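# give me coordinates for this.
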Amino acid sequence: MALNIKPLSDRVLIEPVAAETKTASGIFIPDTAKEKPQKGTVVAVGNGSKDHQMTVKIGDTVLYGKYAGTELKLEGTDYLIMREDDILAII
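Okay, here's the model as predicted:
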């Protein structure tokens, strides 16, 4: 996938995973009750800064805070752009 966007400094572009539509027991979750996903795949990474070297790379699956980042829509796909510090873990 070739995106025409390059995050600046220590920012990362993440494609969130789709929200669960069904519980483990088989009950369907309505749209109003779905939780925001907290897991996604890194799509683009900035260069970092002189004080901050980037540790995530393209293709990493990461966990991030529930309200972290800024939502944006590019070419019909939803993405989040956030600072690397908002990422909690690499899975």
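
# please make it C-alpha for all contacts and neighbour counts, starting now.
OK.

# count of residues packed around Lys73?
9 (other Cα atoms under 10 Å).

# hmm, it is touching Pro16, no?
No. Lys73 lies out of contact with Pro16 (Cα atoms under 8 Å); the separation is 11.6 Å.

# which residues are common contacts for those two?
Contact criterion Cα atoms under 8 Å, 6 or more residues apart in numbering; residues shared by Lys73 and Pro16: Tyr79.

# just checking, Asp78 touches Leu72?
Yes. Counting by Cα under 8 Å, Asp78 touches Leu72, with 5.9 Å between them.

# and stretch 29-42, what's buried?
Buried residues in stretch 29-42, counting neighbours by 16 or more other Cα atoms under 10 Å, are found at Pro37, Gln38, Lys39, Gly40, Thr41, Val42.

# correction: the previous question concerned stretch 63-72.
For stretch 63-72, burial by neighbour count (16+ other Cα under 10 Å) applies to Leu63, Tyr64, Gly69.

# before we move on, back to that, just the buried residues of stretch 29-42: which are in strands?
Lys39, Gly40, Thr41, Val42 (DSSP state E).

# reformat those residues into JSON lines and put pLDDT and distance to Pro7 next to each item.
Output for these, formatted as JSON lines (pLDDT from 0 to 100; distance: Cα to Cα, whole Å):
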{"residue": "Lys39", "pLDDT": "93", "distance to Pro7": "19"}
{"residue": "Gly40", "pLDDT": "94", "distance to Pro7": "16"}
{"residue": "Thr41", "pLDDT": "94", "distance to Pro7": "15"}
{"residue": "Val42", "pLDDT": "95", "distance to Pro7": "11"}
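
# between all of those residues, which two are at the greatest distance?
Using Cα to Cα, these span at most 9.9 Å, a distance reached by Lys39 and Val42.
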